[in-house]
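> Whatever this is, show me its structure:
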Amino acid sequence: MNKVPRRAAFLDLSDYARPLARPVVRWLTPTRVRAWHVTLAYTLVGGMAVLLIASGDLLHRRLGALLLPVKSWMDAVDGSLARAQRRPSRVGRFLDSLADFVLNLLLIAVLGRETPGLAFLAFLSMTLQGTLFHRGYVLYRHAVGGDRTALPDERREDRYPWDPPGVLRVLQGMYRICYGWQDRLMAMLDRAFCPDTPPPSPRWMTLVSVHGLGFQLLWMVPFIWVGADQALLWSFVLWNLWALGLLILRCPLRLKREEIP
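Residues are numbered from 1 along each chain as shown. Predicted structure coming up:
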């Protein structure tokens, strides 16, 4: 169910919903429910959260805020279900990322509709920080024998036998439009701070996991609850300092050969 072997596990602050996802995955594994069904379901939940927050009503906003961790919980189910059913999918990998991109864009647009410039900076910061976490996690998973549905270079056309080629090409093309430039920028910065780009250590992964989408959505909840939308947007901009510090620490906190399971 997990993205990395148990022996290589680290404290992932963005994956707090995983323990609650496991019993659901065990229940769904023998059924006809597939991971993409769950992805569509959490997209609907995320869309409902955006609509409630956009309403402006205090009760609706708070209900919408509480749906964000629910969305993260369902997000933890889909990938785990694919692995449990032994049906990892590149189509599912891109569908998941694209759904997250659209929902995040809508959510930040709603929160920053009175300050579009700040909203743009916050969204840009949020997505770049998420890309930093994603790149580190992909390098780490590949180094320790974990999940390989995501690749360090998503321009490759790898697919599983059950991935429809046409659908995969469309989703991969959309992914490259939304995330391709971010992946290239983060790879360039990574090489600048750590030329040999070794896999990050478990300690570094724990530090960078605050930039994972699960933690980002959880971070939003108290701000939305009290109506501090501007403070929330500024917080994502300020988190860039933490991300920069982590880039500087990439080489000192690298995965050493003797640490690879």
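
> State the pLDDT value of the residue lying closest to Val144 once chain neighbours are set aside.
In this structure, Val144 finds its nearest non-sequential neighbour in Ala8, 3.8 Å apart by Cβ to Cβ, 6 or more residues apart in numbering. Where C-beta positions appear, they are placed from N, C-alpha and C, glycine not excepted. Among the per-residue scores, Ala8 holds a pLDDT of 90.

> Tell me how many other residues surround Ala8.
Counted with other Cβ atoms under 10 Å, residues neighbouring Ala8 total 20.

> With Leu253 instead?
The number of residues near Leu253, taken as other Cβ under 10 Å, comes to 18.

> For stretch 181-191, give me every contacting residue.
Thr127, Leu128, Thr131, Leu132, Arg135, Pro152, Asp153, Glu154, Thr197, Leu247, Arg250 (Cβ atoms under 8 Å, 6 or more residues apart in numbering).

> Inside helices: which ones of those?
Thr127, Leu128, Thr131, Leu132, Arg135, Leu247 (DSSP state H).

> Neighbour-wise, give me the winner out of the residues you listed.
Result: Leu132 is most packed of the ones in helices among the contacts of stretch 181-191 (other Cβ under 10 Å), 25 neighbours.

> For that residue, give me its contacts.
Met186, Val208, His211, Ala243, Leu246, Leu247.

> Quickly note the distance from it to Phe236.
Separation of Leu132 from Phe236 (Cβ to Cβ, to the nearest Å): 13 Å.

> Spit out the residues that contact those two alike.
With Cβ under 8 Å, 6+ apart as the test, Leu132 and Phe236 reach no residue in common.

> Contacts only, for the closest residue to Arg93 other than its chain neighbours.
Using Cβ to Cβ, 6+ apart and skipping residues adjacent in sequence, the residue nearest Arg93 is Thr149, 4.4 Å away. Residues near Thr149 by Cβ under 8 Å, 6+ apart: Gly79, Ala82, Pro88, Ser89, Arg90, Gly92, Arg93.

> close enough to count as contact, the third one and Asp147?
Just to be clear, that refers to Pro88. Yes - Pro88 lies in contact with Asp147 (Cβ atoms under 8 Å); the separation is 6.9 Å.

> centroid residue for this structure?
Leu213 (4.3 Å; Cα atoms, centre = their mean).

> Tell me where the model's unsure across this protein.
1, 257-261 (pLDDT under 70).

> Could you give me the buried positions within stretch 142-161?
By neighbour count with 16 or more other Cβ atoms under 10 Å, stretch 142-161 contains the buried residues Ala143, Val144, Gly146, Asp147, Thr149, Ala150, Glu154.

> Can you tell me which of those residues is nearest Ala109?
Glu154 (25.3 Å; Cβ to Cβ).

> Just read off the phi/psi values of the closest one.
Dihedral pair for Glu154: phi -80, psi 10, per degrees, to the nearest 10.

> tell me the contacts of it?
Contacts of Glu154 by Cβ under 8 Å, 6+ apart are Gln172, Tyr175, Arg176, Tyr179, Gly180, Asp183.

> Tyr16 now?
Tyr16 sits in contact with Ser72, Gly214, Phe215, Leu218, where contact means Cβ under 8 Å, 6+ apart.

> a strand runs through it, doesn't it?
No - applying DSSP: H, G, I helix; E, B strand; the rest coil, one finds Tyr16 to be coil, outside a strand.

> Look up phi and psi at it.
phi -60, psi -20.

> picking that back up, can you pick out the most distant pair from the contacts of Tyr16?
Within the contacts of Tyr16, Ser72 and Phe215 form the most distant pair, 8.7 Å apart (Cβ to Cβ).

> quick one: which of the two has more around it?
Ser72 (26 against 19).
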